[in-house]
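**Student:** Here is my input, please return the structure:
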Amino acid sequence: KKSLRQKAVDELKHYYNGFHLLWIDTKVAARMVWRLLHGQVLTRRERRRLLRTCADLFRLVPFLVFVIVPFMEFLLPVFLKLFPEMLPSTFETESKKEEKQKKKLNAKLELAKFLRETIAEMAKRNKADTG
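**Tutor:** Predicted coordinates:
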């Protein structure tokens with residue numbers, strides 16, 4: 001079991017790492033914007049990364065209010081429960097990333113199941129029409 005001091009240190013490390021990763025992403029995105037302004041074309045991966053970084057920077061504004069205002073960080077879990085996409089992507093934990101991936105995979109599986117059933121139904125209908 002972790003002590004209160006160790007929990008606080010872990011949280012501070014988490015925020016430090018999140019801000020550090022966001023800074024790196026921002027520098028990379030700035031280089032991409034520079035390349036765009038000079039007529040170069042971005043790959044799909046670069047475009048996605050640029051969009052994610054821009055979205056993270058816009059999400060950072062309300063997040064900074066919680067960091068700057070004293071004792072407001074205690075309300076952060078409540079707001080994250082109400083608005084789960086408020087946190088920039090560099091601040092997500094591994095468990096949250098895995099949970100999102102599982103939800104996406106389940107949604108894709110449900111869509112594939114629906115499409116398979118629809119195609120089977122259409123095949124039955126076409127077979128009945130021709131036969």
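**Student:** which residues does Val67 contact?
**Tutor:** Applying CB atoms under 8 Å, 6 or more residues apart in numbering to Val67 gives the contacts Tyr15, Glu73. For glycine as for every other residue, the C-beta is placed from the backbone atoms N, C-alpha and C.
**Student:** And it, how far from Tyr15?
**Tutor:** 7 Å (CB to CB, to the nearest Å).
**Student:** Check which helix or strand Gly39 maps to.
**Tutor:** For Gly39, there is no host helix or strand (DSSP states H and E).
**Student:** repeat for Asn126
**Tutor:** helix 94-130.
**Student:** Let's test this: name the helix or strand in the chain with the lowest mean pLDDT.
**Tutor:** helix 76-82 (a mean of 81; mean pLDDT, DSSP states H and E).
**Student:** which residues touch it?
**Tutor:** With CB under 8 Å, 6+ apart, helix 76-82 has contacts from Phe66, Met86, Leu87.
**Student:** Can you tell me which residue is spatially central in this protein?
**Tutor:** Centroid-nearest residue in the chain, with CA atoms, centre = their mean: Ser89, separated by 4.8 Å.
**Student:** who are the neighbours in contact with that one?
**Tutor:** Per CB under 8 Å, 6+ apart, neighbours of Ser89: Arg52, Ala55, Asp56.
**Student:** before we move on, back to that, for the helix holding Asn126, give the mean pLDDT please.
**Tutor:** On average, the pLDDT along helix 94-130 is 90.
**Student:** likewise stretch 16-34?
**Tutor:** Per-residue scores along stretch 16-34 average to 93.
**Student:** quick one: contacts of it?
**Tutor:** By CB under 8 Å, 6+ apart, stretch 16-34 touches 42, 46, 49-50, 52-54, 56-57, 60, 88, 90-91.
**Student:** Filter these down to the ones in helices?
**Tutor:** Glu46, Arg49, Leu50, Arg52, Thr53, Cys54, Asp56, Leu57, Leu60 (DSSP state H).
**Student:** Just the buried ones from those residues?
**Tutor:** Buried by 16 or more other CB atoms under 10 Å: Glu46, Arg49, Leu50, Thr53, Asp56, Leu60, out of the ones in helices among the contacts of stretch 16-34.
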